[in-house]
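Colleague: My questions are about this predicted structure, shown below with the sequence.
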Amino acid sequence: MQSCSFVPCVLILLTITVTDVFESAVGPVKVNLHDSATLPCSERCSGLVRWTVFHKRSDTLAECDQTSCRSVEEGYQMIHDQYLKGDLSLIITDADFSKRGWYTCDCASKDVCDVQIQIKPLKTPIQIKPSESLVLDLHIPDPVEVIYSTTDATGPSSGQICTVDGRSTQCEPEYTQRASLTSALELRGATSSDSGVYTVMDKRNEEVIHIYTVTVQDHSSDLDTDRGPPIPVWVIIVLAVMGTAFLTVTVVLVVLVVVNVRLKREKNTVETNKGSDSTEEEKLNVHPAVERSLPPKHRTCT
């Protein structure tokens with residue numbers, strides 16, 4: 001039987017061990033907050049299959065055997081038909097931040113799968129006014145760090161501004177007097193220089209929890225907001241057309257009124273002239289009988 005020296009044998013053993021670990025582990029399962037998640041595991045097993053949290057192997061979440069499957073903890077389940085076909089996947093019905101981490105599936109007390117679940121980072125835009133408070137939810141009780149990054153005229157810059165561990169908060173000097181911890185991290189007295197991206201990161205797992213894109217309005221923006229949104233071009237065109245039409249109608253009405261008044265005046269003048277002519281004719285055409293009865297001085301000469 002051939003023997004090997006110490007170093008080559010150790011390297012062979014390490015290679016075998018690492019290979020076994022990578023064969024049993026799959027890539028992380030990433031899901032949105034509160035979505036359902038399926039942790040995959042494919043292995044033929046005729047005995048008892050259990051899913052546990054990696055660091056709490058004594059607490060069973062769900063299990064299956066040849067007769068049935070059982071959900072030991074609420075929110076975790078396995079499907080018996082799939083188990084019989086060699087699909088040992090675990091279903092998490094509501095994936096929240098407390099369910100992040102590594103899970104282990106074992107068959108007859110032998111580990112067959114290690115799967116990690118991650119929650120996709122939340123992304124939230126925030127717009128606040130100067131002097132208001134910026135409130136950042138941390139979501140998890142684990143130690144987190146808040147990282148600020150921005151791009152201004154001097155170029156990109158970033159750095160940690162606060163670390164929160166339980167009820168303890170440590171912030172950079174320029175944030176110490178402004179920061180307070182309630183159910184979230186609050187930064188008082190926002191200014192335009194606070195605009196930027198704030199990232200809440202899980203320190204233990206180096207996992208991004210939440211990304212806030214913050215915009216602090218300056219005073220000129222407030223004035224623009226008070227003025228209201230700009231008037232659309234089509235509204236201006238409609239108003240211009242309506243104004244032109246109204247002016248045209250007004251001019252036409254005025255012209256008609258003037259013409260009507262003039263016509264009435266001319267009509268009245270004609271009627272007045274006709275009346276005067278009739279009176280003169282009556283004076284000239286006196287009946288003979290009437291003329292004889294008139295005094296001599298009133299008689300007409302023929």
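Modeller: Received, thanks. Residues are numbered from 1 along each chain as shown.
Colleague: Where does the prediction get shaky in this protein?
Modeller: For the chain, the stretches flagged by pLDDT under 70 are 1-26, 153-156, 219-230, 234-235, 270-302.
Colleague: Break it down into its structural domains.
Modeller: Domain ranges of the chain: 6-119, 122-227, per automatic domain parsing.
Colleague: Make JSON lines from those and add mean neighbour count and distance to residue 253 to it.
Modeller: For every residue, glycine as well, the C-beta is placed using N, CA and C. Formatted as JSON lines, the domains of the chain follow (neighbours: other CB atoms under 10 Å; distance: least, CB to CB, whole Å):
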{"stretch": "domain 6-119", "mean neighbour count": "15", "distance to residue 253": "67"}
{"stretch": "domain 122-227", "mean neighbour count": "15", "distance to residue 253": "37"}
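Colleague: Can you say which of those domains is nearest to residue 265?
Modeller: Taking CB to CB, domain 122-227 is the member of these nearest to residue 265, at 53.7 Å.
Colleague: how many other residues sit next to residue 268?
Modeller: Residues within reach of residue 268, counting by other CB atoms under 10 Å, total 10.
Colleague: now it, what's its secondary structure?
Modeller: For residue 268, the assignment made with DSSP: H, G, I helix; E, B strand; the rest coil gives helix.
Colleague: Tell me the spacing between it and residue 262.
Modeller: Distance of residue 268 to residue 262, given as CB to CB, to the nearest Å: 11 Å.
Colleague: Name whatever forms a beta bridge with the most centrally placed residue in the chain.
Modeller: In the chain, the residue lying closest to the centroid (CA atoms, centre = their mean) is residue 125, at 7.2 Å. Residues in a beta bridge with residue 125, per DSSP bridges, are residue 213.
Colleague: I figured it was touching residue 213, is that so?
Modeller: Yes: counting by CB atoms under 8 Å, residue 125 touches residue 213, with 4.8 Å between them.
Colleague: which residues are common contacts for the two?
Modeller: Here residue 125 and residue 213 share no contacting residue, scored by CB atoms under 8 Å, 6 or more residues apart in numbering.
Colleague: quick one: the helices in the stretch 101-250 of the chain?
Modeller: For the stretch 101-250 of the chain, the helices defined by DSSP state H, counting those that start in this stretch occupy 173-176, 219-227, 233-284.
Colleague: what sits up against the first one?
Modeller: Surrounding helix 173-176, the residues in contact under the criterion CB under 8 Å, 6+ apart are 161-162, 187.
Colleague: okay, those residues in CSV with distance to residue 72 next?
Modeller: Shown next, in CSV, are these (distance: CB to CB, whole Å):
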residue, distance to residue 72
161, 42
162, 39
187, 43
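Colleague: In strands, which of those residues appear?
Modeller: Using DSSP state E, the subset of the contacts of helix 173-176 located in strands is 161-162, 187.
Colleague: hey, what's residue 162 bridged with?
Modeller: residue 146, residue 171.
Colleague: Let me see the contact set for it.
Modeller: For residue 162, the contacting residues are 145-146, 169-172, 175, 179, 185, by CB under 8 Å, 6+ apart.
Colleague: Looking at the residues you listed, which is nearest residue 205?
Modeller: Closest to residue 205, out of all of those and judged by CB to CB, is residue 145, at 12.0 Å.
Colleague: From what I see, that closest one and residue 163 are in contact.
Modeller: Yes: look at residue 145 against residue 163 with CB under 8 Å: they come within range, at 4.9 Å.
Colleague: so what's in contact with those two at the same time?
Modeller: Common neighbours of residue 145 and residue 163 (CB under 8 Å, 6+ apart) are residue 203.
Colleague: Look up how far residue 178 lies from residue 144.
Modeller: Distance, residue 144 to residue 178, by CB to CB: 18 Å.
Colleague: Kindly report the same for residue 150.
Modeller: Computed as CB to CB, the residue 150 to residue 178 distance reads 17 Å.
Colleague: Next: residue 47.
Modeller: Distance, residue 47 to residue 178, using CB to CB: 59 Å.
Colleague: Kindly report the same for residue 190.
Modeller: Taken as CB to CB, the span from residue 190 to residue 178 is 9 Å.
Colleague: Now for these two: what residues contact both?
Modeller: Common neighbours of residue 190 and residue 178 (CB under 8 Å, 6+ apart) do not exist.
Colleague: Secondary structure class of residue 47, three-state.
Modeller: coil.
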